[in-house]
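Asks: this one's sequence-less:
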């Protein structure tokens, strides 16, 4: 009798475990950013870094966080890049592998930001970051492909022109597809969680 | 925090007020004019890339300064100019964000309501330091002088940080707002604001609170 009861309890436990596991597996992953399901193909591009050309396809196998900005920007651009650096640190502390993520900064101010300058800026935030620039028409094409608005605005004698631009971060999955969009309100801890979910 | 909260030890209140208020000086010739102004949580972001010495073609190195300027007095005022020895120029800029598109523009002034505050923070109104002549790293400090429309001014020594201190993150995007977030010292009848010399080289705007429980 005791054996039958034990078998019954064990069986019920097994059924519950299977149900819980099934529910967890069938639940769609949740993200803090905007998740694109299915992911969209990402437009390939090749731009210049301080060390030569970098093609997006070289980065396949990693999640890529793509941010467009300019190095004279004192507020939103450094805030965003430092937030990405903080997110990578948190991702690593939570058990993630930093090597699985590549942050790429693309200048939307190619007239003032040379490839060397864009690279130095990105690396100063985090040595693992890639900074890219290129000819104005190349930057315009890449920005357009990723839905990034950018336009010059009048500044002062001291600042020179300013640059209005989209601050959304585009995240590609390991297969080089656009999988996530992070708006400026997504925090570093939320980015870290999204990376863990995506990877 | 409210100075009128009876449960809080007043010594603690005084200590917190001294910790929160960071100005290092009022214009020595205008102490009465600067009376009452306080600057809370000033900070300057690290320079992302160092200046290039003797380079004439490199674009200037820029960064930003942030703070909350409080005006417990009955007269409204406005922040009209900021000066710093580390930068060629300092301008006040506002940032608007529409559909995640950032637009930054110079502004002539920031309103400072009576019994209110002007909040300068990332993604909002900030001081753009243009042409920074040295690398600014965590642990450094930057002296800023804030000049107001009334002629008052206050100097502050701002620590250099990588990111915004969590305690300063506000939920409001308005640069100027009434005193709802202020330490309510200005409303407590037993409290006075003064500008007082504490070290030979520094002056501190501080809140005088009764120390006796």
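Replies: Received the coordinates, thanks. Since we're looking at a predicted model, the values are computed, not measured. Numbers count the residues shown, from 1 in each chain, chains lettered A, B, ... in the order given.
Asks: what about residue A:45, how many residues close to it?
Replies: Counted with other Cβ atoms under 10 Å in any protein chain shown, residues neighbouring residue A:45 total 21. For glycine as for every other residue, the C-beta is placed from the backbone atoms N, C-alpha and C.
Asks: what pLDDT does it get?
Replies: Here the pLDDT value assigned to residue A:45 is 96.
Asks: ok, now how distant is the residue nearest to it when sequence neighbours are not counted from chain B?
Replies: Nearest residue to residue A:45 in three dimensions, chain neighbours excluded: residue A:142, at 4.6 Å (Cβ to Cβ, 6 or more residues apart in numbering or on different chains). To chain B, residue A:142 is 17 Å away according to Cβ to the nearest Cβ, to the nearest Å.
Asks: Point me to the helix or strand that includes residue A:142.
Replies: Here residue A:142 is covered by helix A:136-145, with elements defined by DSSP states H and E.
Asks: Where do the helices of chain A begin and end?
Replies: According to DSSP state H, chain A carries its helices in the segments A:2-26, A:76-93, A:115-125, A:136-145, A:188-198.
Asks: Likewise for chain B?
Replies: B:10-20, B:31-34.
Asks: picking up where we left off before, correct me, but the residue nearest to residue A:45 touches residue A:43?
Replies: Yes: using Cβ atoms under 8 Å, residue A:142 is in contact with residue A:43, at 7.4 Å.
Asks: more neighbours, the two?
Replies: More crowded of residue A:142 and residue A:43, by other Cβ under 10 Å: residue A:142, with 22 against 12.
Asks: Now do the contacts for the residue nearest to residue A:45.
Replies: Each residue near residue A:142 by Cβ atoms under 8 Å, 6 or more residues apart in numbering or on different chains is listed here: A:43, A:45, A:47, A:106, A:134, A:148.
Asks: before we move on, the earlier item: what's the mean pLDDT across the helix holding residue A:142?
Replies: In this model, helix A:136-145 has a mean pLDDT of 95.
Asks: What residues sit buried inside it?
Replies: Within helix A:136-145, the residues scored as buried using 16 or more other Cβ atoms under 10 Å in any protein chain shown are A:138, A:139, A:142, A:143.
Asks: How about stretch B:88-97?
Replies: Buried residues in stretch B:88-97, counted by 16+ other Cβ under 10 Å: B:89, B:90, B:91, B:92, B:93, B:94, B:95, B:97.
Asks: cool, stretch A:170-186 as well?
Replies: A:170, A:171, A:172, A:173, A:176, A:178, A:179, A:180, A:181, A:182, A:184, A:186.
Asks: which pair in those residues spans the largest distance?
Replies: A:176 and A:184 (24.3 Å; Cβ to Cβ).
Asks: mind checking how far the nearest residue to residue B:73 once chain neighbours are set aside is from residue B:151?
Replies: Once flanking residues are discounted, residue B:73 sits nearest to residue B:36: 4.7 Å by Cβ to Cβ, 6+ apart. For residue B:36, the distance to residue B:151 equals 14 Å [Cβ to Cβ, to the nearest Å].
Asks: Let me know the pLDDT of the residue lying closest to residue A:129 once chain neighbours are set aside.
Replies: Leaving aside its sequence neighbours, residue A:129 sits nearest to residue A:122 (Cβ to Cβ, 6+ apart; 3.8 Å). Residue A:122 is assigned a predicted lDDT (pLDDT) of 93.
Asks: contacting residues around residue A:122?
Replies: With contact taken as Cβ under 8 Å, 6+ apart, residue A:122 is in contact with A:81, A:103, A:104, A:105, A:129, A:130, A:131.
Asks: returning to what we had before: closest one of the buried residues of helix A:136-145 to chain B?
Replies: Each of those was scored against chain B by Cβ to the nearest Cβ, and residue A:143 proved nearest at 12.0 Å.
Asks: Kindly confirm whether my reading is correct that the closest one touches residue A:151.
Replies: No: the pair residue A:143 / residue A:151 is not scored as a contact, 10.4 Å apart, by Cβ under 8 Å.
Asks: In contact with residue A:81: list those residues for me.
Replies: Under the criterion of Cβ under 8 Å, 6+ apart, the neighbours of residue A:81 are A:67, A:69, A:103, A:105, A:122, A:125, A:126, A:129, B:48.
Asks: if we go to 6 Å?
Replies: Residues near residue A:81 by Cβ atoms under 6 Å, 6 or more residues apart in numbering or on different chains: residue A:125.
Asks: which residue sits closest to the residue nearest the centre of chain A, ignoring its sequence neighbours?
Replies: When Cα atoms, centre = their mean is applied to chain A, the residue found nearest the centroid is residue A:65 (2.3 Å). Leaving aside its sequence neighbours, residue A:65 sits nearest to residue A:103 (Cβ to Cβ, 6+ apart; 4.8 Å).
Asks: so what's that neighbour scoring on pLDDT?
Replies: Residue A:103 is assigned 98 on the pLDDT scale.
Asks: where in chain A is pLDDT low?
Replies: Residue ranges of chain A with pLDDT under 70: A:1-28.
Asks: ugh, typo on my part, it should be chain B
Replies: Applying pLDDT under 70 to chain B flags the ranges B:1-35, B:50-59, B:167-213.
Asks: show me where it has strands.
Replies: Using DSSP state E, the strands found in chain B span residues B:23-26, B:38-45, B:62-71, B:77-84, B:87-98, B:101-106, B:110-112, B:116-120, B:126-132, B:141-148, B:153-161, B:176-178, B:192-199, B:202-208.
Asks: What are the contacting residues of the fifth one?
Replies: In this case it means strand B:87-98. A:75, A:158, B:82, B:84, B:103-107, B:123-132.
Asks: about what we covered before: how far off centre is the helix holding residue A:142?
Replies: 19 Å (Cα atoms, centre = their mean, to the nearest Å).
Asks: before we move on, what about stretch A:116-125?
Replies: 17 Å.
Asks: Do I have it right that residue B:129 meets residue B:66?
Replies: No: assessed by Cβ atoms under 6 Å, residue B:129 is found out of contact with residue B:66, at 11.0 Å.
Asks: More neighbours: which of those two?
Replies: Neighbours per residue (other Cβ under 10 Å) separate residue B:129 from residue B:66, with residue B:129 holding more: 27 against 23.
Asks: Spit out the contact partners of the more buried one.
Replies: Shown in contact with residue B:129 (Cβ under 6 Å, 6+ apart): B:63, B:84, B:87, B:90.
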